[in-house]
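1. Predicted structure and sequence below. I'll ask about it afterward.
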Amino acid sequence: AMIESPRPVADVARAVSAMKLVTVEIDSKVRVERGDENWRGVVQASVEVPVRLRYGVDLGAANAVRVLYSPIEDGASGVMIITVPEPELLGTEVFSEKESVEVKTGGLRLRSRAGEYFLGIARRDVAETARALVLRPEDATRVRDATREQVEGLVRKLVGEHVAVQVRFAEHTE
């Protein structure tokens with residue numbers, strides 16, 4: 001039985017590029033502690049804020065997507081290999097209204113004044129800390145898997161179930 005050849009590679013590359021952006025969201029928390037210790041005592045203020053990290057792959061960028069098709073000799077079907085860029089952090093959303101705060105003081109320190117001051121500093125540093133968050137390995141895997149599934153799903157719709165689809169991530173070339 002002859003199997004019709006799948007969609008041309010150029011069509012598949014064009015369709016994947018047209019997805020423009022694949023995004024995955026990861027919910028996390030950022031905790032920032034700021035404080036001071038001197039002869040008057042200790043003050044430590046901490047703020048914990050939920051954040052949402054948005055990761056994505058810009059598939060619309062020039063030459064972001066590479067597609068290879070290799071037919072398998074026995075006439076069964078082939079493998080379509082799609083290479084896309086690694087997902088990267090696109091943005092962070094900080095839910096400041098859901099913060100939880102804690103202030104500890106000791107010695108002669110006045111909780112209200114010193115505590116508020118260091119809370120202010122901690123709050124100010126939350127967004128920057130969120131941007132610098134490094135994904136836990138399992139979250140990084142989730143981002144890659146979700147990206148792979150989205151691209152794979154689209155390609156399967158285009159080429160049909162009889163073609164094996166593999167999505168790979170390009171090595172970073174600086």
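-> Cool, the structure landed.
2. CA atoms for contacts and neighbours, from now on please.
-> OK.
3. mind listing what's buried in the top helix by length along the chain?
-> Assignment by DSSP state H gives helix 137-159 as the longest helix of the chain. Of the residues in helix 137-159, Val143, Arg144, Thr147, Arg148, Gln150, Val151, Glu152, Val155, Arg156, Val159 count as buried by neighbour count, 16 or more other CA atoms under 10 Å.
4. Please report the distance of the residue nearest to the first one when sequence neighbours are not counted from Leu68.
-> Using CA to CA, 6 or more residues apart in numbering and skipping residues adjacent in sequence, the residue nearest Val143 is Val24, 6.0 Å away. Val24 sits at a distance of 25 Å from Leu68 (criterion: CA to CA, to the nearest Å).
5. ok, now which ones touch the residue nearest the centre of the chain?
-> For the chain, Tyr55 is the residue whose C-alpha lies nearest the centre (CA atoms, centre = their mean; 2.8 Å). Listed by CA atoms under 8 Å, 6 or more residues apart in numbering, the contact partners of Tyr55 are Thr23, Val24, Glu25, Ile26, Pro87, Glu88, Leu89, Leu90, Gly91, Val143.
6. What about the second one, how many residues nearby?
-> When counting by other CA atoms under 10 Å, one arrives at 21 neighbours for Val24.
7. Could you say which helix or strand holds it?
-> Using DSSP states H and E, Val24 falls within strand 21-38.
8. just the CA coordinates of that strand, formatted as CSV?
-> Provided in CSV are the C-alpha atoms of strand 21-38 (Å, rounded to 0.1, in the frame of the first residue of the first chain):
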residue,chain,number,x,y,z
LEU,A,21,4.4,32.1,20.0
VAL,A,22,4.0,29.1,22.3
THR,A,23,3.6,30.1,25.9
VAL,A,24,3.6,28.2,29.2
GLU,A,25,2.9,29.7,32.6
ILE,A,26,4.5,28.6,35.8
ASP,A,27,3.1,29.8,39.2
SER,A,28,5.7,30.3,41.9
LYS,A,29,6.5,32.4,44.9
VAL,A,30,9.2,35.0,45.6
ARG,A,31,10.4,35.6,49.1
VAL,A,32,12.6,38.6,49.9
GLU,A,33,14.1,39.3,53.3
ARG,A,34,15.8,42.5,54.2
GLY,A,35,17.0,43.7,57.6
ASP,A,36,19.7,45.1,59.7
GLU,A,37,21.6,44.4,62.9
ASN,A,38,23.3,47.0,65.0
